[in-house]
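1. need the 3D shape of this:
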Amino acid sequence: MIRKVAIVGGGTAGWMTAAYLKAAFADRLDVTLVESESVGRIGVGEATFSTVRHFFDYLGLDESEWLPKCEGGYKLAIRFENWAKKGHHFYHPFERLRKVDGFSLAEWWLKLGDHTQPFDRQCFVTSALCEAKRSPRMLDGSLFASGLDGTLGRSSLSEQRAQFPYAYHFDADKVAAFLAAYGKERGVRHVVDDVVHSALDDRGWISHLQTRGGLRLDADLFVDCTGFRGALINQLLGEPFESFQDVLPNNRAVATRVSRQDITEMKPYTTATAMDAGWMWTIPLFHRDGVGYVYSDEFATPDEAERTLRERVGDAKAELDVNHITMRVGRCRDSWVRNCVAIGLSSAFVEPLESTGIFFIQNGIEQLVKHFPDERWDPELTRNYNARIAQAVDGVKEFLVLHYRGAARNDNEYWRAAKTRKVPGRLAERMEQALPHLIDEEAIYPYYHGFEPYSWNTMLLGLGNQPARARPALDHMDPGRARAEFDLLRAEANAVIEKLPSCYEYLERIHTP
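-> Okay, here's the model as predicted:
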């Protein structure tokens, strides 16, 4: 059996890995995490997928236990501003499209909807909740969609059957600290020191690590959570990193944290605002907002980006500290090489537009547990792991390129270049299929990557890629049931808005000891 695992690097990736391995294998696995006090953390992974609840449920944690300790908030959707044109916005929610007679409400909207109004407000309940800044939970803690509530137990990403209606915003450093306490309580050995030497054996496998303080760390399996440095997977083992910058050119970010003038005006969504050289995020935490500008240094300098960020947050906050980040966009050719597995930024990063950073960490950890080796080191386990990781990352790459290629905005060199840049995989074919009609589950990227057909169609419609008409089959169907479903959706949205507290009102209740 593999009995010893050494994780190099802390942060969200390291402590999520340590906590999950302990939850999965308990005392049958010795886990040591070594991290340096001198290595800074990126700190931009503050928004998540709704599937992150599988992670916390696997650890046996209710959100009331950890969310208040992490400045947490709710995320019902991403609000995309100025992507189709300036002044326009739409929501990409955690809500599947309803179906009537086998066709989604988006299809019926093409035939019956009011096209002077955004489709998402007519096809999703969640859009109305976002506009009203509502919490997804009542003051008594019950979920507005009661049938989706309850613990998932020890389930994984691939087992999600229903779309849970919200994800989280949180302070990533505080999540790491919370999980560090969780892991150490369950036996994770924590070493605060710099790794100064990594030794290879005769096969080229990692034999041990040496710290500046003179500690020798022996392990069977080593997990690289050293971020963009890839200290083990790339620097030591020489695994190539495959850049995506030819199709996703945003390679820089500048970020800060700002206080809200009125802390009660808390939005239950991430905002992604299209800018002249990229886009800007706003992530509401309980008492403040995280704000950052993701851009391409081909179209803006760091000084220009910082100036734009400061102008965006206002003159009163001109003295705020900012963090400049150089992003390594792409993935390792293989994330598992010999006895080393890279998780987090050392494995892959595909800019934070759809909040995939935590998702990639979670998927990497879950796949490691599913493919965990023994002393035989079955190469099939390694091959399968690498295929699953690569497929998920490449699928997200396609989906993100769709955002830029599909955006109707075309008002400067940056956005015009997005329309002529090459596209990866079969994305061009998929977008061609979306011209005459909406795409279905057979036409999206075929491997698991966290996004369903409704997400692809939501982005296409929201970005301004609307088919000329609905599928011809709807001409032969009675529209009565579809009209009734639209009426029902509006009524449900109005009803829950009346009942639900504001996002801040509910969170204040669970944040107060």
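
2. give me the low-pLDDT residue ranges for the stretch 301-450 of the chain?
-> 315-319 (pLDDT under 70).

3. and the helices in it, which stretches?
-> For the stretch 301-450 of the chain, the helices defined by DSSP state H, counting those that start in this stretch occupy 302-313, 357-370, 379-406, 413-420, 427-433.

4. ok, which of those comes nearest E37?
-> Ranking these by proximity to E37 (Cβ to Cβ) places helix 357-370 first, at 21.9 Å. All C-beta spots, glycine's among them, are computed from the backbone N, C-alpha and C.

5. for the closest one, which helices and strands make contact with it?
-> Secondary-structure packing of helix 357-370 (3 or more Cβ pairs under 8 Å, 6 or more residues apart in numbering; DSSP states H and E): helix 11-25, helix 52-58, strand 340-342, strand 348-349, helix 379-406.

6. please identify the most buried of the ones you listed.
-> strand 340-342 (a mean of 28; mean count of other Cβ atoms under 10 Å).

7. note down every partner strand of that one and its orientation.
-> When sheet partners are counted by DSSP bridges, strand 340-342 sits next to strand 221-224 (parallel), strand 336-337 (antiparallel).

8. distance of Q245 relative to N323?
-> Using Cβ to Cβ, to the nearest Å, one gets 21 Å for the distance from Q245 to N323.

9. sorry, back to before: how about the helices of the stretch 301-450 of the chain in CSV, adding distance to R469?
-> CSV is the format used below for those (distance: least, Cβ to Cβ, whole Å):
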stretch, distance to R469
helix 302-313, 39
helix 357-370, 35
helix 379-406, 19
helix 413-420, 24
helix 427-433, 15
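
10. ok, which of those helices comes nearest R338?
-> helix 379-406 (8.6 Å).

11. tell me which other helices or strands the closest one touches.
-> strand 330-332, strand 336-337, helix 357-370, helix 413-420, helix 427-433, helix 453-463.

12. any chance of CSV for those, columns distance to A172?
-> Output for the helices and strands packed on helix 379-406, formatted as CSV (distance: least, Cβ to Cβ, whole Å):
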stretch, distance to A172
strand 330-332, 20
strand 336-337, 24
helix 357-370, 8
helix 413-420, 28
helix 427-433, 30
helix 453-463, 23
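
13. right, and the ones you listed - which one's nearest S198?
-> strand 336-337 (13.2 Å).

14. any idea how far the residue nearest to L232 when sequence neighbours are not counted lies from V31?
-> Computed as Cβ to Cβ, 6 or more residues apart in numbering, the closest residue to L232 that is not its neighbour in sequence is D224, at 3.9 Å. According to Cβ to Cβ, D224 and V31 sit 15 Å apart.

15. of the two, which one has the most company?
-> Neighbours were counted for D224 and for V31 using other Cβ atoms under 10 Å; D224 has more, 33 against 24.

16. and the pLDDT for the more buried one?
-> D224 is assigned 98 on the pLDDT scale.

17. contacts only, for it.
-> For D224, the contact set (Cβ atoms under 8 Å, 6 or more residues apart in numbering) comprises 8-9, 230-233, 340-343, 346-347.

18. quick one: the strands in the stretch 1-150 of the chain?
-> Taking DSSP state E, counting those that start in this stretch as the test, the strands found in the stretch 1-150 of the chain are 4-8, 30-35, 73-75, 77-81, 89-93, 99-100, 103-104.

19. and D394, what does it touch?
-> So D394 contacts 331, 424-425, 445, 447, 449 (Cβ under 8 Å, 6+ apart).

20. now the residues you listed: which count as buried?
-> 331, 424, 445, 449 (16 or more other Cβ atoms under 10 Å).

21. leaving out the residues flanking it, which one is nearest to L435?
-> P467 (6.6 Å).

22. is it true that the one you found lies in a strand?
-> No. Using DSSP: H, G, I helix; E, B strand; the rest coil, the assignment for P467 is coil, not a strand.

23. number of nearby residues for it?
-> Using other Cβ under 10 Å: P467 sits among 18 other residues.

24. any idea how far it lies from Y404?
-> P467 is 20 Å from Y404, by Cβ to Cβ.

25. next one: A162
-> Distance from A162 to Y404, by Cβ to Cβ: 30 Å.

26. likewise for L97?
-> Distance from L97 to Y404, by Cβ to Cβ: 23 Å.

27. cool, and D262?
-> 34 Å.

28. same question, R430
-> With distances taken as Cβ to Cβ, R430 is found 14 Å from Y404.

29. check contacts around G230.
-> By Cβ under 8 Å, 6+ apart, the neighbours of G230 are 224, 239, 241, 332, 342, 346.

30. give me that answer again for 10 Å
-> 224, 236-237, 239, 241, 328, 332, 342, 345-347 (Cβ atoms under 10 Å, 6 or more residues apart in numbering).

31. what do you get for V8?
-> Contacts of V8 by Cβ under 10 Å, 6+ apart are 14, 32-36, 191, 195, 198, 206, 209, 217, 219, 222-226, 231-232, 236, 340, 346.

32. kindly report the same for R490.
-> With Cβ under 10 Å, 6+ apart, R490 has these contacts: 121-122, 125, 128.

33. for Y454, same thing?
-> Contacts for Y454 (Cβ under 10 Å, 6+ apart) come out as 92-93, 95-98, 104-106, 123-124, 163, 438, 441, 444.

34. kindly recompute the last result at 6 Å.
-> Y454 is in contact with 96-97, counting by Cβ atoms under 6 Å, 6 or more residues apart in numbering.

35. cool, K22 as well?
-> 31, 183, 186, 188.

36. I'd say the last one and L29 touch.
-> Going back to what we said before, that points to V188. No. V188 lies out of contact with L29 (Cβ atoms under 6 Å); the separation is 10.1 Å.

37. okay, these two: which has more neighbours?
-> A count of neighbours by other Cβ under 10 Å puts V188 above the other of V188 and L29, at 24 against 18.

38. so the more buried one versus V5, what's the distance?
-> 10 Å.

39. who touches both of these two?
-> Jointly contacting V188 and V5 under the rule Cβ under 6 Å, 6+ apart are V31.

40. pLDDT at Y454, what is it?
-> Looking at Y454, the pLDDT reads 97.

41. among the strands paired with strand 340-342, which is the most enclosed?
-> Among the strands paired with strand 340-342, highest average neighbours (mean count of other Cβ under 10 Å) belong to strand 221-224, with a mean of 28.
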